[in-house]
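Student: Here's a sequence, model it:
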Amino acid sequence: MKSLLAFVVLLFSFQAVAETPKPVTLRSILLEQLRTTHNEKDWFVPINVALAGLTPDQANWKDAGGNHSVGQLTYHLLFWNGRELAKFTGKSQPKFNGNNDETFNNFDAKQWSETTRQLDQVMTDLEKFVETADDQTLQKFASEIAHIGTHNAYHVGQIVFVRKLQGSWNPEKGVK
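Tutor: Okay, here's the model as predicted:
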């Protein structure tokens, strides 16, 4: 009887260990924020899904209400995410006069596919930075990295909104 009881206790112990969630770390939280705004669908639509299938003309479209085009929003995300990545990795940042309007208004529809390719690459590189940074470096930039995720989510919501106004959004992609 004692050996049966010991077996049952041992069995439940193994089951409890198997069901124990992986510990949450600063790195895992920051990676989750970046990935869910980049290419992993979670609570909201990520950038890659929000931009998929758009033509350069659709990316350049603006409504009469003065909203930015999808292309302008994408260029803005590329500008700021690229700038932050350069800072994190110690690379020189392009000159910037502080006028945030320029980060939207330099979009060129002829460069649409290159803009989306570059944004995807910058997001991938940000994730690699977070994966490989030592703990001290990660701690130093943690708040900024968290803000990148929030900033991305905000503008991806705008992208989906503009696409809905335009009639180019497929609600099966996540937002009805």
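
Student: Not counting sequence-adjacent ones, nearest residue to Pro94?
Tutor: Take Pro94 and drop its neighbours on the chain: the residue closest to it by Cβ to Cβ, 6 or more residues apart in numbering is Arg83, 7.3 Å away. Where you see a C-beta, it was placed from the backbone N, CA and C, and this is true even at glycine.

Student: List the contacts of that neighbour.
Tutor: Listed by Cβ atoms under 8 Å, 6 or more residues apart in numbering, the contact set of Arg83 reads 93-94, 96.

Student: What strand or helix carries it?
Tutor: Of the helices and strands defined by DSSP states H and E, Arg83 is found in helix 70-89.

Student: So which residues of the chain form strands?
Tutor: Per DSSP state E, the chain has no strands. Nothing in it meets that criterion.

Student: dump the residue contacts of the most centrally placed residue in the chain.
Tutor: Centroid-nearest residue in the chain: Thr37, 2.6 Å away (criterion: Cα atoms, centre = their mean). Taking Cβ under 8 Å, 6+ apart, we find Thr37 in contact with 46-47, 123, 148-149, 152-153, 156.
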